[in-house]
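In: Sequence and computational prediction follow.
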Amino acid sequence: MKFRAFYLLLFTYSLALQAQDLEKEQQLDSITLTSARIDLPFRENSRTINIITAADIKNSAAVNIADLLQQVAGVDVRRRGTGGSQADLHIRGGGFDQTLLLIDGIKMDDAQTGHHTMNAALPLEVIERIEIIKGPAARVFGQNAFTGAINIVTKKSLKTKVSTNLETGSFGQLNGNITVGSDLENSSHIVHLGRVTSSGYRINSDYDNANYFIKSVFNKKEQPIEMIATFFERKFGAENFYTTNPSFNEYEETQNSLIAFTTQFKSEKLKISPRVYWKRNQDIFLLRRFEPNFFRNVHISDKMGVEANAAYTSNLGVTGFGVDVSKIYLRSNNLGHRNRFMASAFLEHRFQLLDNRLDITPGVAITYFSDFKFNAFPGLDVGFDVSKDVKIYGNIGYTYRIPTYTDLFYSDPRTNGNPDLEPEEAFAQELGVKYTTSEFRATLAIFNRDAKNLIDYLRPNVTEEIFTATNITEVNTKGLEFDAAYNFKANGFTQTLAFGYAFLDDNILEQNEDLSRYALNTLKHQYTTRLSTQLFKNMRQNIVYKYAERTTGQTYNVWDASLIYQLKQMELSITASNIFDADYIETGFTPMPPSNVLFGLRYSFK
């Protein structure tokens, strides 16, 4: 179904120089970053960090977190279809195993494979903001934060109200959710239930995904205890996700769950935050959807952990320290039964000199793995306030990633894991400058990463069909990123124009491409922009443009837009994706959907 005339009208309408009332939005200066042990206002941090606020999410024309993160320069989310069913997360050219996802600071890494990282992605309705930390973050978060980390911060409370949302549109999409907030005298609760379905935009691309989320704070008057519990289930046709064989009809089901309890003890100088958590992921993959006995993989992984993070303030500055102890269990018909014990210790200190204009933060993380012994990764952040609005900064750090169980033990007719693999390692450097005012903010950063022992899949000669995981590849990655946002008044409202550009030069050294399966598919050039405007008091519109040029030579332009009308407690929305029907592939062999539209109705009961 084509709506080209409608899309063109919506596009023209959205570009009118009107405005968006953002007076009540959360300003970046008021945000304190919570993903690290040392809490810092956004302006004072000496790293490249992007913040996606709740208002940004509202105006993003995105319907799930995978679509949302694609609008950040330097972040590459490679989707296989719609609905967020399957997507891989990459930062600055790293692999999907090299980016760490956190929920309220809880590490959501999966020992089986990084393909499951986005299984833990939350529904947009419960997200307060997203903190994107680019560059080596191992000294803060430990392994898997090889090229960066993304921390999803959930909403603290919704007071007392009920919100329902219904959506329908192209490809038989039918979505519905309900979000309930309850703010009681000594406790508060957020409950979200959602389901997104589609018959698919091509053969065997249907999905049926369910989302359940609970966040509660108990004992608010004395010692508050926060609980977060999630359960996400995805069932989807996976046509051409991993093969091009026309006789296969791949199918996959995943389940991801989390439960965690956190509290905080605080005095004038010391803050301690202990936490216990349990995370589980289950994956069932069928090579032939209707013949489960032909080829079937079943993997169940559990991670149980205890951690405590602390910050101590003295005359010498702020010291952050913490420990994280966890146990991992894997049960798999392909990878076997495995278990791993991990223990990490973190230490960092923030010095402030020259009337607090210069900040220096050295730190180190030391991790023990029962199967890979001890690993240490130090790092250093330095920042200097040139003026109230301008800050220059730089950082260096070592980072690493231990192989996943798929790297170590996977086996199929064309692939062999390798139990003798060594951890991947890298040394990264970055230099940047930030400019921040209430009307305009911008960040420019250049970076370099020298990695070794990267895991490649090789074959001994061109006649051999079996590829084996091997520590052989060395990769040099260098690049540049620029992010900016401009707010200005028009007709009594505030209009927002945000844009970003990323350049990446990713070089595999001494590679024989005929013998290697490792193919760089990174974004060499990436440009994103978003214009958010408001025509009338109750109506706002957003237009998003994304340009990508991959190292494979593929280029594509994608336009998305949304129109939102607020009428008291009711909200009507229209979201148009891939307006001009771009034909493109983000990863593997799966073409992305053609132009499509989604109509939404939201109603809030107070």
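Out: In hand now; what should we look at?
In: Could you measure from the residue nearest the centre of the chain over to Asn50?
Out: With distances taken as Cα atoms, centre = their mean, Ile150 lies nearest the centre of the chain, 4.9 Å away. Note on Ile150: its distance to Asn50, by Cβ to Cβ, to the nearest Å, is 9 Å. The way it works is simple: take the backbone N, C-alpha and C, and place the C-beta from them, glycine included.
In: any common contacting residues for those two?
Out: Common contacts of Ile150 and Asn50 (Cβ atoms under 8 Å, 6 or more residues apart in numbering): 75, 131-132.
In: What is the nearest of those residues to Gly336?
Out: Closest approach between those and Gly336, by Cβ to Cβ: Val75, at 33.9 Å.
In: check contacts around the closest residue to the closest one other than its chain neighbours.
Out: Using Cβ to Cβ, 6 or more residues apart in numbering and skipping residues adjacent in sequence, the residue nearest Val75 is Leu69, 5.2 Å away. By Cβ under 8 Å, 6+ apart, the contact set of Leu69 is 75, 77, 89, 130, 132, 150.
In: surely the last one meets Lys107?
Out: Meaning Ile150. No. In this structure, Ile150 is not within contact of Lys107 by Cβ atoms under 8 Å, at 11.3 Å.
In: Now for the two: what residues contact both?
Out: With Cβ under 8 Å, 6+ apart, Ile150 and Lys107 have common neighbours Leu100.
In: related to what we said a few turns ago, now the shared contacts of Ile150 and Asn50 as JSON lines including secondary structure?
Out: Shown next, in JSON lines, are those (DSSP: H, G, I helix; E, B strand; the rest coil):
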{"residue": "Val75", "secondary structure": "strand"}
{"residue": "Glu131", "secondary structure": "strand"}
{"residue": "Ile132", "secondary structure": "strand"}
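In: of those, closest to Thr243?
Out: So of the shared contacts of Ile150 and Asn50, ranked by how close each gets to Thr243 (Cβ to Cβ), first place is Val75, at 27.4 Å.
In: Please tell me I have it right and that closest one contacts Gly93.
Out: No. Between Val75 and Gly93 there is no contact under Cβ under 8 Å: 10.9 Å.
In: Now do Gln175 against Ile579, distance only.
Out: Actually, residue 175 is Asn. It isn't Gln. Distance from Asn175 to Ile579, by Cβ to Cβ: 20 Å.
In: I misspoke; the intended subject was Tyr435.
Out: Relative to Ile579, and taking Cβ to Cβ, Tyr435 is found at 32 Å.
In: Ok, Met227 next?
Out: 42 Å.
In: Looking at these two, which is more packed in?
Out: Neighbours were counted for Met227 and for Ile579 using other Cβ atoms under 10 Å; Ile579 has more, 23 against 14.
In: where does this protein dip in pLDDT?
Out: In the predicted model of the chain, residues 1-30, 34-36, 510-511, 518-519 satisfy pLDDT under 70.
In: so the most far-flung residue of it relative to its centre is in which element?
Out: Each residue of the chain has a distance to the centre, and by Cα atoms, centre = their mean the biggest one is for Thr463: 39.2 Å. In this assignment (DSSP states H and E), Thr463 forms part of neither any helix nor any strand.
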